[in-house]
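Enquirer: What follows is a protein structure lacking sequence information:
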């Protein structure tokens, strides 16, 4: 089975059964860490699509996630997007990859009790960098809430042994 993920010949994607198995792994990890930010946001990992390279998560907006005017805080929105995109990367690449940058666009607000659907998708996987995006929609009212595109460092491959060369030398 092929995915629509663009990748270099040197990058191997995880097999479909691993990708599907990540949903249970993520659930178990969240349940074992209820006090970290991912546990507090209580994401539900509801679907994976190997062909499309996506993982779909559901979040319900909680009171602690609101800003002082009663809408979902932009930082929490960004964290949800980052978590969904990162979960897709983990599922398809096989390990967590640190974010290098993330561009977020906010379209509408969400309020207490709204149900948000985040679809994280791996767009490209190269030896050094992985690009993913995420679309967040409000299942409660059908509105687009936010989108992001992110670049992550691919820790699966070391860039020509650069990590083994020690401290940067002055030239």
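Expert: Thanks, I have it. Remember, predicted model here, so these are calculated numbers, not experimental data.
Enquirer: quick one: average pLDDT of stretch 150-166?
Expert: Taken as a whole, stretch 150-166 carries a mean pLDDT of 61.
Enquirer: again with stretch 114-134
Expert: Computed over stretch 114-134, the average pLDDT equals 94.
Enquirer: Just the buried positions in that stretch, please.
Expert: 114, 116-123, 125, 127-128, 130-134 (16 or more other CB atoms under 10 Å). All C-beta spots, glycine's among them, are computed from the backbone N, C-alpha and C.
Enquirer: repeat for stretch 98-116
Expert: Applying 16+ other CB under 10 Å to stretch 98-116 flags 102, 104, 109, 110, 114, 116 as buried.
Enquirer: if you count residues, which helix in the protein comes out on top?
Expert: Criterion DSSP state H: the longest helix present in the chain is helix 74-93.
Enquirer: Show me what that helix packs onto, helices and strands only.
Expert: In terms of contacts (3 or more CB pairs under 8 Å, 6 or more residues apart in numbering; DSSP states H and E), helix 74-93 is packed against helix 16-32, helix 37-41, strand 54-60, strand 99-106, strand 115-125, strand 129-138, strand 144-153.
Enquirer: For the residue nearest the centre of the chain, give me its contacts.
Expert: Centroid-nearest residue in the chain: residue 85, 1.9 Å away (criterion: CA atoms, centre = their mean). Residue 85 makes contact with 120, 121, 132, 133, 134, 148, 150 under the criterion CB atoms under 8 Å, 6 or more residues apart in numbering.
Enquirer: re the thing from before, can you give me the mean pLDDT across the longest helix of the chain?
Expert: Mean predicted lDDT for helix 74-93 stands at 94.
Enquirer: residue contacts, the spatially closest residue to residue 121 that is not a sequence neighbour?
Expert: Using CB to CB, 6 or more residues apart in numbering and skipping residues adjacent in sequence, the residue nearest residue 121 is residue 54, 4.5 Å away. Each residue near residue 54 by CB under 8 Å, 6+ apart is listed here: 47, 48, 88, 119, 120, 121, 122.
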